[in-house]
Each structure stands twice: as structure tokens, then as C-alpha cells.
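# What shape does this take:
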Amino acid sequence: ETETVAAPATTAGAGEGADTMIKAGTKRKAPASPSAEAPAADESSSASPSASMPRPPTRPRNEYDDMKQCIVTNDGTPDSMVKLIGLKSLFARQLPKMPKDYIVRLVFDKRHKSLAILSQDPKHRGGDEEIIGGICYRAYPEMRFAEIAFCAVSASQQVKGYGTKLMNLLKRQMVREGLEYSITYADNYAIGYFKKQGFTKAITMPKGRYHGLIKDYDGGTIMECYVHPSIDFTRVPDMIEAQKTFLLQRVAAAAKSHRVVYPPLPRGWKPDLTGVSRANQDAARSMAIPGVAEAGWTLSDLQACTGAAKDSDRKANQLKSELLGLWRKTQEQQCAWPFREPVNTDEVPDYLEVIKDPIDLSTIEKRIRKGTFYKTREMLFVDLTRMVSNCKLYNGTESPYTDCAVQLEKYLKSIFPEA
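Purely as a prediction, here's the structure:
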């Protein structure tokens, strides 16, 4: 009688915890290669099905893995203190309007954390130049959000993509910490940057989660970004490329036009345009070319590409760009901060009883971007003037909001001289 014992499988393809029966007293030979078969008690037994399964594709290398980065807190260690001093110096240089004592207080506050990208040059180690960029933030784990206090990149490292990389690294860190939202107050110069990083002025996080925890800043615009827990923000370019490849493959599988090759048009070819109006002749001539209709084009599609349609679109785009420029100049004014968002009727319940036609800068921006609301500069001026008049009507003459309205009214007359 032969005794058998169980031993863990060691060959490639065997599942974790899988066992192989071998005879007692026999020696197991190490596999010659990863594809070698696992020893078995019965010679007629077949290999494990998992051995023939294809290996998962290798993920492309993440460029963020090559970056030198760290999370710094005020834990009292010399290395952390050196990095915090470097971050403090960076924020003070790049944010000259921010009080230096305020920067020091937040950066060295033990409740705040700082994410830093570091230079890999050994000669910069331990100095201010070691810090390429940094974000100082405070996490509120109970409410699952983080408030960004400072964000800056060294002047010598500008326009190299470090701003985007910093924010992507912060989002990845927030996912690891279980945080759901990132919130900040952005000044006029930072709004564009935060918009590019996925921040929006529309606050979707319930107010009860952050109210009373973060400080309101006059002249700043509150913005938030939702951080999806299943997205690796450091691999967004890889995800977009994979989606693009997938869509192109599906289009190629469904499309037929690229599979058919039509002969060249004969010399002197002219289509029959009998009964076609002069305005539509260009579109009809294109539709007569073999393969155009088969590719899915219609006469209305081609008509939209004609000169008249292009000229109309060009004028509309020019007006839209001009109105957006006027809107940006208006909302960047220091006195424009009360008008950037709609009045919260929960906080001011009688507002709609006094003001029958409310308007604000965010609503005006949506109307401009829609492209069909404002037909002239004068229409925009009417909405801006009504916004100022509403403020003066509701708040009276002794209100600081009215002071802002009077200043903004003077500015509007300077940029709308024709009004």
C-alpha cells in the first residue's frame, strides 16, 4: 500500500492554495521552465485549466511612478521640517498677495498635510530648490472632503505640466484617504486653472458637510471637485487612449465606406444640377460624388458647410467671444464678488418678493455660452445693468453690497461706452 500526502503546487498557472498529490518518498523535480507540467499522482491526469489561460496584458508604465513625491506633515522630524520650510518659501514666493504669517500658520499646522513634488537633482537636496511644486490641504475624514489652502509650482518649473500632475496626485491621495470632495476658494487668477482640473463653481456637496468648517474669503470664488473613488487620476491619458481605440475599432467594424474604393472621377466630370438652386449647388455637387452618400452624408450636412452657413457661424462665434471677454472683465473686478452666484433664497427668503427678475454673473455666463440668447452687446449690457439695479433695490443705500453695485455700474459704463 502506498501512502499519499498533499503538497502545494509550485508550477506556473496553478491557483493559490491548489494541492497536488504525490507519492510518499518520491522527489519532486523543479520545473525546467514556467511552462513545465506540474507533477501529478496519475500520469493520465490533465493539466490545470488555469495553466492555459492567457496572461493579462501588461499595463503601460505610469509616468507618475518616476516622479519623486511625498506627503509632508508637521511630525517634528528634521526631514519633514526641512521640506515644510521649503514649501513655505515656495508658497510665499509664488503667492505674494498672501500674508506670510498666514502661510506659515497653515503649512506648519499639524492638521494640514502638504503634497510635494521633489527634484531628483542631488545638489538640490535639502534646499528650497528641491521643492518643484506643492499643495497644502486639510482633510476632514468625518465629512469626507478636503480643503485646499495653497497650490503653487516653482517659477523655474512653470509650463511643464506640474500643475496638472500635482492635482492628479492629490486626487489619488484623496482616494486613498477615503475623501470624496475637494473644495477651495480660488481668486480671479486661479479660477481658470481649477476649471481645467475638473473644479466647478456649482457646489454639489451638501452644505451641512462643510459649513462652519471652512472659512469664507471675500473676493474668492468657492469651487469644488468630486473625486470618483474608482478612477486612477494618474492614468487619465491611458484611459482616454483606450476609449479612443475602442471607439475607432467599433466604428471600423460597423462602417462600410472605407471598405469600398471608388474609381477616380473622369476628367471634366460635371454632375446634373438641374432644378437645384444656386445656394445649394455646392452641396448638391458634393452629394453627386460616388461614395459621399454611402458614407452617411446628407444634403443638409453639406449645406451647413457652405459659405453662407460658415459666415453666419463665424459672426455668431465672434459675438460670443466678444461677450465672453466683456463678461470676464466684469467678473474679475474686485467689486463683482456679490454678483458671481445667484442669491441663496434659503438664506434670504424674501428676495424674490422684492426682486421679480433676478440675474447674476453665472447665469449670464450660461446664456453667453449657449450662443443663441444674446444677439447684440446691448442685450448683455441690459442684463448687467439689471443685476446692479436689483442689488441697489433690495439692499438700500447703506449696504456694502450697494457700494459694490455703484462701483460696478461705473465700470460697466466704461466698457460699454455706446450704452
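# Show me what secondary structure element comes after the longest helix seen in the chain.
Identified as the longest helix of the chain according to DSSP state H is helix 307-331. The helix or strand immediately downstream of helix 307-331 is helix 351-354, counting by DSSP states H and E.
# circling back: ok, and for the longest helix of the chain, which residues are buried?
Going by neighbour count (16 or more other Cβ atoms under 10 Å), the buried part of helix 307-331 is L319, K320, L323, L326, W327, T330, Q331. Backbone N, C-alpha and C define where each C-beta goes, glycine included.
# and what of stretch 368-383?
I368, Y374, R377, L380, F381, D383.
# Spatially, which two of the residues you listed are the most separated?
I368 and F381 (12.6 Å; Cβ to Cβ).
# Distance from stretch 176-187 to the middle of the chain?
13 Å (Cα atoms, centre = their mean, to the nearest Å).
# can you pull out the helices in the stretch 101-250 of the chain?
For the stretch 101-250 of the chain, applying DSSP state H, counting those that start in this stretch gives helices covering 162-177, 191-196, 207-210, 236-254.
# Can you name the residues in contact with the third one?
It refers to helix 207-210. Outside helix 207-210, the residues within contact range by Cβ atoms under 8 Å, 6 or more residues apart in numbering are Y140, M143, R144, F145, E147, Y181, I183.
# Including neighbour count, could these go into JSON lines?
Shown next, in JSON lines, are the contacts of helix 207-210 (neighbours: other Cβ atoms under 10 Å):
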{"residue": "Y140", "neighbour count": "17"}
{"residue": "M143", "neighbour count": "16"}
{"residue": "R144", "neighbour count": "16"}
{"residue": "F145", "neighbour count": "24"}
{"residue": "E147", "neighbour count": "19"}
{"residue": "Y181", "neighbour count": "21"}
{"residue": "I183", "neighbour count": "21"}
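# mind saving the C-alpha coords of stretch 84-91 as CSV?
Extracted in CSV, the C-alpha atoms of stretch 84-91 (Å, rounded to 0.1, in the frame of the first residue of the first chain):
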residue,chain,number,x,y,z
LEU,A,84,7.9,72.3,5.2
ILE,A,85,10.3,75.2,5.2
GLY,A,86,10.8,74.7,1.5
LEU,A,87,7.1,74.6,0.9
LYS,A,88,6.5,77.7,3.0
SER,A,89,9.2,79.5,0.9
LEU,A,90,7.6,78.3,-2.3
PHE,A,91,4.1,79.5,-1.4
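# Now that stretch: average pLDDT?
Averaging pLDDT along stretch 84-91 gives 94.
# go on, stretch 244-257?
Stretch 244-257 carries an average pLDDT of 85.
# Run the chain-centre distance for it.
27 Å.
# Same question for stretch 396-407.
On Cα atoms, centre = their mean, the centre of stretch 396-407 falls 37 Å from the chain's centre.
# in that stretch, what's buried?
In stretch 396-407, counting by 16+ other Cβ under 10 Å, buried: T402, D403, C404, A405.
# quick check, nearest of those residues to A92?
Nearest to A92 out of those is C404 (Cβ to Cβ; 30.0 Å).
# Going along the chain, name the strands of this structure.
Ranges of strands within the chain are 4-8, 19-23, 68-72, 112-118, 131-140, 145-153, 181-186, 221-226, based on DSSP state E.
# would you turn these into TSV with distance to T164 and mean pLDDT?
Below are those laid out as TSV (distance: least, Cβ to Cβ, whole Å; pLDDT from 0 to 100):
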stretch	distance to T164	mean pLDDT
strand 4-8	47	33
strand 19-23	50	35
strand 68-72	14	93
strand 112-118	11	95
strand 131-140	10	95
strand 145-153	10	95
strand 181-186	14	94
strand 221-226	13	93
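# Nearest to M205, out of the ones you listed?
Evaluated with Cβ to Cβ, the strands of the chain place strand 181-186 nearest to M205, the distance being 4.7 Å.
# Would you mind writing the CA trace of that closest one as CSV?
The C-alpha trace of strand 181-186 is given here as CSV (Å, rounded to 0.1, in the frame of the first residue of the first chain):
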residue,chain,number,x,y,z
TYR,A,181,-14.8,66.1,-2.5
SER,A,182,-12.1,68.7,-2.8
ILE,A,183,-13.1,72.3,-2.1
THR,A,184,-11.2,75.6,-2.3
TYR,A,185,-11.6,79.3,-2.6
ALA,A,186,-10.0,80.5,-5.8
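# Show me what it is in contact with.
137, 144-149, 151, 170-171, 174, 193-194, 199, 203, 205, 209-210, 214, 216-217, 220-227.
# residues in contact with F145?
A139, L179, E180, Y181, S182, I183, M205, R209, Y210.
# Ranking by neighbours, what's the top pick from those residues?
Using other Cβ atoms under 10 Å as the neighbour test, those are led by S182, with 26 neighbours.
# Could you check how far K201 is from G192?
Relative to G192, K201 is positioned 12 Å away (Cβ to Cβ, to the nearest Å).
# no no, L118
For L118 relative to G192 (Cβ to Cβ), the value is 27 Å.
# same thing with P78?
Relative to G192, and taking Cβ to Cβ, P78 is found at 38 Å.
# Of those two, which one has the most company?
Neighbour count, other Cβ under 10 Å: between P78 and G192, G192 has more, with 11 against 8.
# Excluding chain neighbours, give the residue nearest to the most centrally placed residue in the chain in space.
Centre of the chain computed as the mean C-alpha position; nearest residue by Cα atoms, centre = their mean is G198, 3.0 Å away. Of all residues not flanking G198 in the chain, C225 sits nearest, at 4.8 Å (Cβ to Cβ, 6 or more residues apart in numbering).
# ok, now which ones touch the one you found?
C225 is in contact with K171, Y181, S182, I183, F194, Q197, G198, F199, T200, counting by Cβ under 8 Å, 6+ apart.
# Same list (those residues) but as JSON lines, adding distance to N344.
Converted to JSON lines, those look like this (distance: Cβ to Cβ, whole Å):
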{"residue": "K171", "distance to N344": "28"}
{"residue": "Y181", "distance to N344": "19"}
{"residue": "S182", "distance to N344": "22"}
{"residue": "I183", "distance to N344": "17"}
{"residue": "F194", "distance to N344": "22"}
{"residue": "Q197", "distance to N344": "26"}
{"residue": "G198", "distance to N344": "24"}
{"residue": "F199", "distance to N344": "20"}
{"residue": "T200", "distance to N344": "17"}
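# Tell me the one among these nearest to V292.
G198 (39.7 Å).
# Next one: that closest one from W327, what distance?
Between G198 and W327 the distance is 22 Å, computed by Cβ to Cβ.
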